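>>> Build me a structure from this.
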Amino acid sequence: MSLKFWMSLSLVLVIGVGLSSTLAAQESDSKKQEETEEKVYSGPQVGEKLPGFTMKGAFGDSEGKEIDLVKSADGKPMVIIFVHQRTRPAFALTNVLLNYCNDQKGKLTRGVCFLTADPTETQTWLSRIKNYFPRGVPIGISHDGAEGPGAYGLNRNVSLTVLVGNKGKTTANFALVQPSIQADGPKMLKAIAAAIGAKKEPDLNKYLARRGGIRGVRLPRELGKLVRQLYEKDVSQEKIDETVKAVEAMIKDKRNWQNLLGRFAQFQLQGDRMKSIAKGSKAQLEKWARQYGPKNRPRRNADAKLTGMLRSLIQKTNSDEQVDKIAKSIEEYVAKNQKAKSEIARISKTIAGSDRLTNYGTARCQEVLKKWAKKYNNQQETDKQDKEKDKQDK
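Predicted structure coming up:
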């Protein structure tokens with residue numbers, strides 16, 4: 001072959017290799033750029049100082065008082081959780097972290113600061129859901145609006161900013177747009193454990209639905225303390241029998257405590273924690289679930305869609321705007337579905353006419369249920385009379 005051919009081929013190979021290298025470099029740079037763009041920043045980064053700030057206590061012993069978490073920590077390990085957006089995933093993850101922190105028995109300072117443009121509304125809302133949070137945790141509202149303390153440089157576009165610190169500096173920073181217990185929980189617990197020098201890596205499952213609080217069911221402190229003894233590792237049958245005896249004596253004349261224990265047991269039996277619990281403890285939970293748990297079962301022909309919407313309506317964490325939005329959707333749905341209308345009439349009448357109305361949702365939700373009880377049951381009575389009249393005319 002000619003010299004010209006080989007020179008042309010060499011040129012093509014050189015260009016090809018150069019182009020491949022360029023494309024690879026561009027791809028690498030692009031990937032780095034995407035990673036940089038995906039990284040969300042909020043608050044002091046690792047190694048930066050944690051400035052002091054104050055928030056107003058929302059409830060409990062600190063209600064109305066000025067709280068400075070950084071000052072309280074005095075250079076010792078601490079966890080600060082800034083809540084930018086009130087979402088269920090954010091609260092669920094927050095509770096997991098607080099449950100772990102509470103178990104550390106004074107090894108660190110922890111607290112939650114809500115950022116809001118309307119402190120009065122947030123205070124009212126927090127007062128309604130105060131039992132949702134683990135006891136003893138300082139919960140407060142920022143004096144600095146939705147932006148939070150100016151020195152912190154918080155990002156209002158995230159749901160949570162969680163800062164772990166020690167010796168007055170940030171040791172871990174988590175800025176979460178979409179919080180997830182399973183995705184974010186383990187690494188956050190690991191960072192907190194590192195700050196306090198814990199050798200054992202925390203078990204995420206251990207801190208789910210802790211402290212007696214499960215789906216709105218919170219056992220009274222002394223009762224919850226007793227029941228948790230059943231979950232101790234290698235608990236003996238003798239200890240189980242002793243605990244059960246103490247629990248039964250405590251709830252003997254307290255019907256509401258019996259109901260709470262029954263609901264607690266029913267939910268616990270659905271979880272993965274039963275895999276590691278002692279056989280005797282599981283048997284006792286099963287007994288309490290049967291003895292004290294709700295006896296009513298879902299109606300066979302229950303409307304699944306309506307049931308789902310009602311469950312959303314009665315969430316204690318709903319704002320008034322959320323209640324109104326969900327209620328409107330329900331009203332639109334039952335307007336086109338006679339069976340659903342009959343069901344909402346029955347349910348609202350049962351709840352509104354009982355002494356447990358306050359257990360269902362927020363004050364706005366309870367107003368809606370009372371309105372429906374009157375509206376839909378009156379409609380049913382009118383429809384019934386019209387049918388009887390038509391029948392007589394015929």
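>>> would you list every one of the helices in the stretch 51-200 of the chain?
With helices called from DSSP state H, counting those that start in this stretch, the stretch 51-200 of the chain shows them at 69-73, 88-102, 119-128, 181-195.
>>> So for the first one, what gets flagged as buried?
What it means is helix 69-73. Leu69, Val70, Ala73 (16 or more other CB atoms under 10 Å). To be clear about C-beta, it is placed using only N, CA and C from the backbone, and glycine gets the same treatment.
>>> Next: stretch 166-180.
Asn166, Thr170, Thr171, Ala172, Asn173, Phe174, Ala175, Leu176, Pro179.
>>> Ok, stretch 146-160 next?
Of all the residues in stretch 146-160, those buried under the rule 16+ other CB under 10 Å are Gly148, Pro149, Tyr152, Leu154, Asn155, Val158, Ser159, Leu160.
>>> Which one of the buried residues of helix 69-73 is nearest to Tyr333?
Closest approach between those and Tyr333, by CB to CB: Leu69, at 45.3 Å.
>>> which stretches of the stretch 51-200 of the chain form strands?
55-57, 66-67, 78-83, 109-114, 139-142, 160-166, 169-176 (DSSP state E, counting those that start in this stretch).
>>> who touches stretch 95-108?
Contacting residues not belonging to stretch 95-108 are listed as 73, 76-79, 81, 110, 112, 132-137, 162, 181, 185, 188-189, 192, 195-196, 198, 202, 204, 207-208, 210-211, 213 [CB atoms under 8 Å, 6 or more residues apart in numbering].
>>> Just the buried residues of those.
Counted by 16+ other CB under 10 Å, those give 73, 76-79, 81, 110, 112, 132-134, 137, 162, 181, 185, 188-189, 192, 195-196, 198, 202, 204, 207-208, 210-211, 213 as buried.
>>> between the helices of the stretch 51-200 of the chain, which gets nearest to Lys233?
Nearest of the helices of the stretch 51-200 of the chain to Lys233, taken as CB to CB: helix 88-102 at 17.2 Å.
>>> CA atoms only for that closest one, dumped as PDB, please.
Extracted in PDB, the C-alpha atoms of helix 88-102 (Å, rounded to 0.1, in the frame of the first residue of the first chain):
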ATOM      1  CA  ARG A  88     -45.200  13.800  56.900                       C
ATOM      2  CA  PRO A  89     -41.800  12.300  55.700                       C
ATOM      3  CA  ALA A  90     -40.000  15.200  57.400                       C
ATOM      4  CA  PHE A  91     -41.800  14.600  60.700                       C
ATOM      5  CA  ALA A  92     -41.300  10.800  60.500                       C
ATOM      6  CA  LEU A  93     -37.500  11.200  59.900                       C
ATOM      7  CA  THR A  94     -37.300  13.900  62.600                       C
ATOM      8  CA  ASN A  95     -38.900  11.500  65.200                       C
ATOM      9  CA  VAL A  96     -36.500   8.700  64.300                       C
ATOM     10  CA  LEU A  97     -33.500  11.100  65.000                       C
ATOM     11  CA  LEU A  98     -35.000  12.400  68.200                       C
ATOM     12  CA  ASN A  99     -35.800   8.900  69.500                       C
ATOM     13  CA  TYR A 100     -32.200   8.000  69.000                       C
ATOM     14  CA  CYS A 101     -31.000  11.200  70.600                       C
ATOM     15  CA  ASN A 102     -33.300  10.700  73.600                       C
END
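>>> Flag every buried residue along it.
Neighbour counts over helix 88-102 (16+ other CB under 10 Å) mark 89-91, 93-102 as buried.
>>> avg pLDDT for that helix?
Helix 88-102 shows a mean pLDDT of 90.
>>> Tell me what angle it forms with strand 160-166.
Compare the direction of helix 88-102 with that of strand 160-166 by axes from the mean of the first three to the mean of the last three CA atoms, to 10 degrees and you get 20 degrees.
>>> possible to save the buried residues of helix 88-102 as JSON lines with distance to Ile251?
JSON lines is the format used below for these (distance: CB to CB, whole Å):
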{"residue": "Pro89", "distance to Ile251": "33"}
{"residue": "Ala90", "distance to Ile251": "34"}
{"residue": "Phe91", "distance to Ile251": "29"}
{"residue": "Leu93", "distance to Ile251": "32"}
{"residue": "Thr94", "distance to Ile251": "30"}
{"residue": "Asn95", "distance to Ile251": "25"}
{"residue": "Val96", "distance to Ile251": "28"}
{"residue": "Leu97", "distance to Ile251": "31"}
{"residue": "Leu98", "distance to Ile251": "27"}
{"residue": "Asn99", "distance to Ile251": "24"}
{"residue": "Tyr100", "distance to Ile251": "29"}
{"residue": "Cys101", "distance to Ile251": "29"}
{"residue": "Asn102", "distance to Ile251": "24"}
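>>> now, which of those residues sits nearest Leu230?
Closest to Leu230, out of all of the buried residues of helix 88-102 and judged by CB to CB, is Asn99, at 17.5 Å.
>>> any idea how far Val112 is from the closest one?
Separation of Asn99 from Val112 (CB to CB, to the nearest Å) stands at 13 Å.
>>> go on, Leu269?
For Leu269 relative to Val112 (CB to CB), the value is 31 Å.
>>> Same check on Leu369?
When distance is defined by CB to CB, Leu369 is 30 Å away from Val112.
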